[in-house]
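Peer 1: Starting from these lines, generate the structure:
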Amino acid sequence: MSKTDSKQQTTDKIKFSIGAKLITLITIIVLLSLGSITALVSWLVREDLKISAEEHNYEVNRKAAAEAEDVLINMRAHSRILLRTINLMGRESSAAQTASEYFFEQNPQVAALVYVVPGQDESVLVNMNFFRSREIEPSIANSYFEGNRTALRQAAAGETVVLNATPQFATSLAALFFQWQGTGAGILFSPEKLNDSFGIGTNPSYLINDRGDILAHPDFALLGGGVNVADDGFIRIMRESPDRSRQMITQDEEGFRYYMAFTRLNIGGCVVITGIEYDKVFEGIVATTRRNIYLTAAVLFISVMFIWFFSKTISIPLKILAAAARKIEGGQFEQEVKVKGRDEIGLLGHSFRRMSSALHIFGRFTNRELAVKAMKGEIKPGGLPKHATIFFSDIRGFTAKSETFTKVFKEEASDRIVFWLNNYLSRMVECVEKTTGVVDKFIGDAVMAHWGTAYTSGSPEKDAHNCVKAALMMRSAVIEINNDREDPDDPGNPLIQIGCGINTGIVTAGQIGSDLRMEYTVIGDPVNLASRVESLNKPLGTDILIAEDTWNLVKNDFITEEMPSVTVKGKEQPVRIFAVVNFSGSKEGPQTLAEVRELMGIPAPDISAVDLDADEKKYNIGGDAKKEQKTENGVQ
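Peer 2: Okay, here's the model as predicted:
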């Protein structure tokens, strides 16, 4: 869209119609009243929810931490009692075996226990019921403790270590290593009760060790995957904090905010973390606000519908007329305007339809696109220099064909020849317009068109290419027209042969004429040369000729054959001309001028025998040698 187009549409656009003003007024009243109440209530309730959510999340975290600490401390205490009993009774005694069985019976969540007696090998006690119920091989416990001797050594040194053993057993298990009588001991237990309790409510909790490994979590996939959260932003903040317990609002990488609380345990450097998504805290108030918005929208909709029905009897007909006017302004002259009524708007619609019909008839007598561009101010009176490509074509033997029409059809000859000619010209115009050309005028059977004037494809080379392409399209169209004839001897549909002449150069383009009638056309020496090149097709036995200036722009795009140079009247130097054969690289269609002549039914001429005096004495074939001969005959 041009700047003139955009400016014109902006100027003509109605900014505030009557209906729009009424709707705007009702909308402001409804939004101010209901909207302000909704906003105030939402703000007050949100503040209360915020305080409540912080307190609740912190309280849930403290309870979860107390529960987790009790579980770990009890596991360690019960294990030490069992180990002391075994040590007193002897590791191999039946009493020690009975004590172990009783321990596992009272603590079914314990899977295995490992301990070291000074001076002896380490011993592993296995809860066979635990492994059988989960279909796990008990020997895996031995392998696990064997692979975690480092943790046993740390425990012997007085350090309590808690690890996630779930990935090794494919079931929820944690390992607690602690000191016992100067040596290390360890216990494998299931934190399922912690997992279940941590997942209750809207504030889920989870337990991690000092390394950041998740030990207990409602989501088993995190335990089974051995997920480590040491690099999470909140965990880094927690580790840097000196506080034993704290709550804050954090934001993850995806932009979601959370209330997060942590409490450090007194065993194994473990930490319980509890959080809730910030937006979930306010889901209730958001839902209430949403319902209020729906109510506001419903009230607003009813009000707008009332105003709309009230104003549509005026606004709709006016919009229809305005839309039709814009289409006419864009060149679509024939518009079916359906505006009814017996008032002033109905009368306006009736007048508009008559104007549209008149403009449609007018558009057929002029170039519609150019008229629209002139109306928009894109083409102004006066001329502008343009690097254009000019095209002329006509039908060979048109005068003889016209006489045949008259002899055969007599009184119907005029209608017959116009019908035949219009069918041909319609196909030619289609070729011009498809290649962004402009049809300048029809001169009987002749067509004048140009490229790079009112429209351009961006460069003289592209415009020249499009012009030659259009000529080749015309050749194909003529072949189709001739092939579609049912009767080759039909005098009402005779065979068509055309000649096309093309030249490129600087021309003057603009609106030329008088105050009563003007037309957009081009003038200049390149135009005259294009016309004269077109007239050379007959003596040279060709259908498309291009002058040298055009050839220089498109020689790589098309197959051409150079014809004898021509000395044109008014030109000091001979003009090189070329016959166009086909597109370069095309494997379909003619590849030589001889094939073009055979395809189009053009006999090959004897150029040396051409009578130059028979064609307005405007050209010599063969350059300077011929020029000298014609000068002797009085032709320059």
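Peer 1: burial measure for Ile602, as a count.
Peer 2: Applying the criterion other CB atoms under 10 Å, we find 19 residues in the vicinity of Ile602. (Each C-beta comes from the backbone N, C-alpha and C, glycine too.)
Peer 1: what residues are up against the residue nearest to it when sequence neighbours are not counted?
Peer 2: When the adjacent residues along the chain are set aside, Ile602 lies closest to Gly541, with 5.2 Å between them (CB to CB, 6 or more residues apart in numbering). If you count contacts by CB atoms under 8 Å, 6 or more residues apart in numbering, Gly541 has them with Arg597, Ile602, Pro603, Ala604, Pro605.
Peer 1: List the buried residues in stretch 259-274.
Peer 2: Residues of stretch 259-274 classed as buried: 259-265, 267-268, 270-274 (neighbour count, 16 or more other CB atoms under 10 Å).
Peer 1: wait, which of those residues is closest to Phe405?
Peer 2: Phe405 has its nearest neighbour among the buried residues of stretch 259-274 in Tyr259, at 94.1 Å by CB to CB.
Peer 1: show me the contacts for the residue lying closest to Val116 once chain neighbours are set aside.
Peer 2: Among residues not flanking Val116 along the chain, Thr183 sits closest, at 4.2 Å (CB to CB, 6+ apart). When the contact criterion is CB under 8 Å, 6+ apart, the partners of Thr183 are Tyr115, Val116, Val117, Pro118, Ala156.
Peer 1: and the top helix by length along the chain, what's its mean pLDDT?
Peer 2: The helix of greatest length in the chain, counted in residues with DSSP state H as the criterion, is given as helix 18-89. The average pLDDT for helix 18-89 rounds to 84.
Peer 1: ok, now stretch 393-405?
Peer 2: With pLDDT averaged residue by residue, stretch 393-405 scores 90.
Peer 1: what comes into contact with it?
Peer 2: Where contact means CB under 8 Å, 6+ apart, the residues beyond stretch 393-405 that reach it are 413, 416-417, 420, 424, 428, 443-447, 471, 474, 491-492, 494, 496-501, 534, 537-538.
Peer 1: Sitting in helices, which of those do you find?
Peer 2: With helices identified by DSSP H, the entries of these that belong to them are Ala413, Arg416, Ile417, Trp420, Tyr424, Met428, Ala471, Met474, Glu534, Asn537, Lys538.
Peer 1: How many residues are close by the last one?
Peer 2: Right, Lys538. Neighbours of Lys538 (other CB under 10 Å): 19.
Peer 1: Just confirm it contacts Gly499, I think it does.
Peer 2: Yes. Taking CB atoms under 8 Å as the contact criterion, Lys538 and Gly499 are neighbours in contact, 6.2 Å apart.
Peer 1: Where does the prediction get shaky in the stretch 101-250 of the chain?
Peer 2: Counting by pLDDT under 70, the stretch 101-250 of the chain has low-confidence residues at 118-120.
Peer 1: likewise the stretch 251-400 of the chain?
Peer 2: Using pLDDT under 70 as the threshold, the predicted model of the stretch 251-400 of the chain has low-confidence ranges 310-316, 318, 320-382.
Peer 1: and the closest residue to Val45 other than its chain neighbours, what does it touch?
Peer 2: In space, Val45 comes closest to Ile285 once its chain neighbours are excluded; the distance is 4.9 Å by CB to CB, 6+ apart. With CB under 8 Å, 6+ apart as the criterion, the residues that contact Ile285 are Ser42, Val45, Arg46, Leu49.
Peer 1: do Gly458 as well
Peer 2: With contacts defined as CB under 8 Å, 6+ apart, Gly458 is in contact with no residue.
Peer 1: so it sits in a strand?
Peer 2: No. Under the criterion used here (DSSP: H, G, I helix; E, B strand; the rest coil), Gly458 is coil, not part of a strand.
Peer 1: what are the phi and psi values for it?
Peer 2: In this entry, Gly458 is assigned phi and psi values of phi 120, psi -20 (degrees, to the nearest 10).
Peer 1: outside of stretch 159-171, which residues touch it?
Peer 2: Looking at stretch 159-171 with CB under 8 Å, 6+ apart, the contacting residues turn out to be 72, 76, 111, 134, 136, 140, 144, 148, 151, 154-155, 172-179, 188, 190, 209, 213-215, 220, 223-226, 267-270.
Peer 1: Kindly report the same for stretch 85-98.
Peer 2: Identification of contacts with stretch 85-98 by CB under 8 Å, 6+ apart yields Ala99, Ser100, Tyr115, Val117, Gln120, Ser123, Gln181.
Peer 1: Thanks a lot, catch you later.
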